[in-house]
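**Q** got a sequence here, can you model it:
(chains A and B)
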Amino acid sequence: MLVLGLVTGCSRPGILEFESQPPQAGIWVDDELHGQAPVELPPPASGQTVHVRAVLSGYVDWEASYDRATWPDEPVQIVLQKRPALELSITSQPTGAIVFVDSEQRGRTPLTFDELEPGSYQLMLQLPGRQSVRRDIDLQASEKLHVKLPNPAIAMYRQRIAENPKPLYNYVDLVHELMLDGEMTDAMEVLAAGMPAAVAEGPGAAKRFWSEIDKIANEQYEYGSKAEVSRARIGLQAVFFNYKVVDPNASSLFYAKFTRIMLLSGERELAKEICLEGLQIHGKHKDLAKVAAEVGVKF
Amino acid sequence: MLILLAAGCGRDPQSSAATPWQSLDARPKLPNSFIWSTDIGRDADAGEALRLRLAGTTAMVDTAIEAGRCNVWLIAGKDQREKLVESAISLTAGTTISACVEAGLLSIFVDGQRLTVATLPLQKWRSGSWSWRPQQRDSPALVGETTFQKTGPVFFDEDFMHTENDLGEWTVREGRWSVVALNNPTRSANPFSLTSKAPQGVITAGYPFWRNYEFSCAVYTEGVVRFGLLLCYTGAAEYRLVFEPGTGIDKLILTRRNGEQVTELGQVEVTGIANQWTVLRISQFHGYLKVWHDDIPLMSVVDPAPLLGGAVGVSTKHADSVRFDDASVRPVTRLDMDAGRGDPALHALVLANVTVAARVESIGDGVTLYARRNGLGDGVTATLKADAAGNLQVAVGGAAAESATVEAPPSGPFDLALHVLDHDAWCSINERIVAFGKCGRATAPGTAGVDGEVIRYSVAAATPLPAIENRVRAFEHEKTMHSWSGPTTDWFQSPADGGKIYWHRSDFWSDASIEQDLRPWTSLLETQSIAVLLAGETTSEEADVIELKIAPAKAADGYLITLRADGDTRSTRYEGDTPPKLLRLARRGGKILAWIDGNLWQYLDTPESLRELCRVGSRARFGDDSWADTIVIGAAGVGSYSFRAAPVDWSAVAGDWLVTNRWQCDPRWSFYSGYKRNGVACNWHKSNHGDNVTLDFFVGPKMQKERGSNYEYIADFNAVLAADGQNVNSGYSFMLGGCDNTGSIVLRGDDELNFNGAVKLPRVSATHRRWFHVKIRKHGNRLRFWVDNKLAGDVTDDNPLQGRRFGLWTWDNGMMIAQFRISTNVDLETAPAINQPPIPKTPYDTIYTSADAGSRTGDRM
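**A** Here you go, the predicted model:
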């Protein structure tokens, strides 16, 4: 309803109706709620500026400031613009994690929500055997989210090694978990850290350590591509090369394993050289003798 | 209903303005849920007031505390003020007042205990402020400090995979605590647990702002000892659920402590807790407290003055006698309402995907179940009522609900349910789907409940059928373990259709679904088709197969999606450069359902051939094994165990059942095992099975090199079903290597139904690393027994046993269980605990004595 007042020939601003499309938007004047549209608002007092907002869930706020001079003389039709639906894509490593949005289970990764309203969401990703990961997101534009779920075994073995660096089996199990997680660089670092003890302990006590190296070299892990197999073997080569630098008199088993890795890597000539080095240091030890025959070294 | 302010019903904080309000803490932006607290520094003078104001989109809320009253006002506009609640309160020095805001609810707490709760409109509270109105302008400050804490759903999982001295996120409150584990346990079942090393111990995890959650924890007691679970622990207050052993009667007692004041809220008798793994669960949701033991609800109480929140914890009064494992905290997403339909707690359960289930006595003027109701007119409903002609009509969906005539349920009370999942809704009567609808624009979370007269009802988050566990990741890459945990171990390749068809090894007797992720196969779909399959018990690969297939559209862009079922074919074109992301095919509630990208596309009645046994399959030529990772199988009535969690679903009654190393020569590999020399090792599952049931498991021998290096001793990898849960010889026993490994035997109690001398355990050194796959199916009165996918027994019992319990057993031996799966036509719910004989009777107690060993002849297979 439009109320016009005529006093001594001048038009004065009057009470004005504010409507909204869609209807029932909250109409706020400064910090006070006046009601849901349509509402009638009185004009600002002389010298006063009022801030009018129309607010509706799912729509962009409409705002305007008025003083007496700018106060409209016709009902105000507010057309609210719908907020665009947003897309949220969630992937995880490992895949298949259960996704909770706020408190609801909504699916498994990879998962895409394509009709989310802007706003804040609390995400939780959970997978048996993995640490759950929580993410609070304030979604204002479409997003892609990748979450890595930590493997608690990795933290546990790292801590075991920190508490007592001697037992080799902790290195072995840590390497195993790292390889399963695709953390090949870290796995090689752990192998390198365990190598001095493995060489010192001899084949019996370090059996699992050498066995793990065999597994990595012999594709017991499913690498997914030839490039990854090659990367794993190059990583092992680096571990052995680096150790040989600090301990050229390493055990015969060390040289035998080293030779076999070079052989598996297609480096036959280098394998021969390494095998020969080992034979020169240790003589025709049984570990070396077998691999020497394979690689074609006579000593 | 709005009421205009009237005198005598509490002061309006707007109307008395002796002095202006002074802001204590203002926030221009608020999260979805939070706790906003203020500490009272001194006793309030008469006329002083505190106010919390929240501004939303179409409403404001004022919480005004003055003159000994706490009033919560809802303000919908100028002069539109409604008083929601009023309570007595005193503003005294040292008091902390906390306002907890969650979707649809405002709770006021005084010193951590709820004073009052008000139901709010569902909207985002955008800004807010705590203000103080002093008596005089120069009054000394009333409030010391305000604190603000964002809150949200609580998730916490702990399997105690730590080193002995690392307690992770747990804080010792009393005594000494330690993690116990096997050495080198990771390539295995998970044997980590937490135990107290002192006679008296309390340990907690979490924060004071954890609210409205459910806490479960597995417990193992050695002997009958006292222990407890703590909820909402803050140091000053807590809920404590204590297992109190008694003479003849054990009890669970629930108390609330606030400061020195301890109030018993309830107690209940309980059996079956001592000397076995068991799981206790307790939830608190706006004062609704509920307790479960092994998923059986035991106790429900309503605390009229619930605690604000806090950490979880466990306690014990005995060192080394109680082990705790698999602690889990989750938001509460289910409420069972016997009464109190207007309870604020129900208003606080705001969900998008929801099942509303009601027990209905009679339809009367109609019953409506609703979900996603948000106060803006949105919602999804299922309305059941009789039309003028007396026919029963049900309308399901959002604004444009679809109406259908349905068959009237049998006389007497019946179950009516509304299921809302993503874009779809459906209604079921007595668990049979009767109508479908679309949710339309009602996509956002909202409240759920019932309009109309019902006996009782529940509201629960709806989830897809639970995905069945396939593999243990730690073994996936171990080629020596691929026989039971390889990429495609769960699947059998069919020789039909050029080897393109794979059937899942499991039988499904209840609802089941198969979902194919198509995203990795975009290139393949340029030239080939991919299909997911359902089939009943048929020997023909094509007969009665239901197929949901996507293929490149011929002579056009896009894809053709086809559902072929029961002699009928329905197709649709899918336009676009890329295929849909997901195809899902399910048998659910008596219907076959087909989804494309989470949208229900087709549904039809389940054909006769699929009413009981259901198999799921895949038809495509993928090229490598990675396809198995792109399929998710969901199923009801299935329990799948690789024993990485505590075996709380099992009741070991004879022998040693625990995680142990399989090989004496290599301690890395540990599995769940049963072991007993010179007697029986028996482990019952705690649930009942239905008329139809399938057990399948991977089993290997426990290495006992002192008994022979070539496994000369192995025998009796046995399972039992249709039993009474006490004696093995009350049921059907399926024995692999029974009677000192003379063959495979099916027994009815003590009576031999079938003997197959050709299927034995190989007593050779090569058995060292072998796993044997045993599958047992009871379909009505027909019993079948496979070993490594070869039929070892097939018999019909005209007078089938009526027992419902199943388990594993061996005799004078050790069996390692890498994985076990039960599938049946009922939900797996824990059966009531029963008294156990000292030693369960087996067929060896009667007909099979040691004198029989090696004397068996006559293959009856």
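**Q** where does pLDDT dip in chain B?
**A** For chain B, applying pLDDT under 70 flags the ranges B:1-18, B:182-189, B:338-342, B:470-474, B:476-477, B:539-541, B:847-861.
**Q** phi, psi of the residue most central in space within it?
**A** Centrality entry for chain B: nearest residue to the mean C-alpha point is residue B:466, 8.2 Å, by Cα atoms, centre = their mean. Here is the backbone geometry of residue B:466 (degrees, to the nearest 10): phi -60, psi 130.
**Q** so who does it touch?
**A** Neighbouring residues of residue B:466 by Cβ atoms under 8 Å, 6 or more residues apart in numbering or on different chains: B:634, B:635, B:636, B:638. Glycine gets a C-beta too; all of them are placed from N, C-alpha and C.
**Q** same for the helix or strand hosting residue B:179, what does it pack against?
**A** Using DSSP states H and E, residue B:179 maps to strand B:177-180. With contacts taken as 3 or more Cβ pairs under 8 Å, 6 or more residues apart in numbering or on different chains; DSSP states H and E, strand B:177-180 sits against strand B:193-196.
**Q** what does the strand it packs on contact?
**A** B:160, B:167, B:170, B:175-181, B:203, B:220, B:314, B:316, B:318-320, B:322-325, B:646.
**Q** okay, the residue of the stretch 651-800 of chain B found nearest chain A and residue B:70: tell me how far apart.
**A** The minimum distance from the stretch 651-800 of chain B to chain A, using Cβ to the nearest Cβ, falls at residue B:668 (7.2 Å). Between residue B:668 and residue B:70 the distance is 62 Å, computed by Cβ to Cβ, to the nearest Å.
**Q** what do you get for residue B:60?
**A** Per Cβ to Cβ, residue B:60 is found 17 Å from residue B:70.
**Q** and the stretch 151-299 of chain A, which residues reach chain B?
**A** Taking Cβ under 8 Å from any Cβ of the partner chain as the contact definition, the stretch 151-299 of chain A meets chain B at A:152-153, A:156-157, A:159-160, A:163, A:169, A:173, A:176-177, A:179-180, A:208, A:220-222.
**Q** of those, buried ones?
**A** Neighbour-count burial (16 or more other Cβ atoms under 10 Å in any protein chain shown) applied to those gives A:152-153, A:156-157, A:159-160, A:169, A:173, A:176-177, A:179-180, A:208, A:220-222.
**Q** of the contacts of residue B:466, closest to residue B:797?
**A** Nearest to residue B:797 out of the contacts of residue B:466 is residue B:638 (Cβ to Cβ; 24.5 Å).
**Q** quick one: that closest one and residue B:507 touch, right?
**A** No. Using Cβ atoms under 8 Å, residue B:638 is not in contact with residue B:507; the gap is 9.4 Å.
**Q** which neighbours do those two have in common?
**A** Joint contacts of residue B:638 and residue B:507 (Cβ under 8 Å, 6+ apart) are residue B:823.
**Q** can you pull the contacts of residue B:622?
**A** Here residue B:622 is in contact with B:521, B:524 (Cβ under 8 Å, 6+ apart).
**Q** helix/strand/coil for it?
**A** Following DSSP: H, G, I helix; E, B strand; the rest coil, residue B:622 is assigned to coil.
**Q** what does residue A:234 give?
**A** Relying on three-state DSSP, one would call residue A:234 helix.
**Q** so what's it closest to, chain neighbours aside?
**A** In space, and not counting its chain neighbours, residue A:234 is closest to residue A:265: 7.2 Å by Cβ to Cβ, 6 or more residues apart in numbering or on different chains.
**Q** tell me if residue A:278 really is in a helix.
**A** Yes. With three-state DSSP as the criterion, residue A:278 is located in a helix.
**Q** what count of nearby residues applies to it?
**A** 29 (other Cβ atoms under 10 Å in any protein chain shown).
**Q** residue of chain B closest to chain A, please.
**A** residue B:77 (2.7 Å).
**Q** the closest residue in space to that residue that isn't next to it in sequence: which element?
**A** Distances taken as Cβ to Cβ, 6+ apart put residue A:35 closest to residue B:77, at 2.7 Å, once the chain neighbours are dropped. Here residue A:35 sits within strand A:32-36, counting by DSSP H and E.
**Q** C-alpha coordinates for that strand, PDB please?
**A** Written as PDB, here are the backbone C-alpha positions of strand A:32-36 (Å, rounded to 0.1, in the frame of the first residue of the first chain):
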ATOM      1  CA  GLU A  32      16.000  -5.200  13.100                       C
ATOM      2  CA  LEU A  33      13.700  -7.600  11.400                       C
ATOM      3  CA  HIS A  34      10.500  -6.000  10.200                       C
ATOM      4  CA  GLY A  35       8.900  -9.100   9.000                       C
ATOM      5  CA  GLN A  36       8.500 -11.300   5.900                       C
END
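**Q** could you give the bridge partners of residue B:27?
**A** residue B:128 (DSSP bridges).
**Q** what about it, neighbour count?
**A** Neighbourhood size, residue B:27 [other Cβ under 10 Å]: 17.
**Q** OK, contacts around it?
**A** B:127, B:128, B:129, B:148.
**Q** per-domain residue ranges of chain B.
**A** With domains defined by automatic domain parsing, chain B comprises B:22-150, B:156-332, B:350-461, B:487-622, B:648-852.
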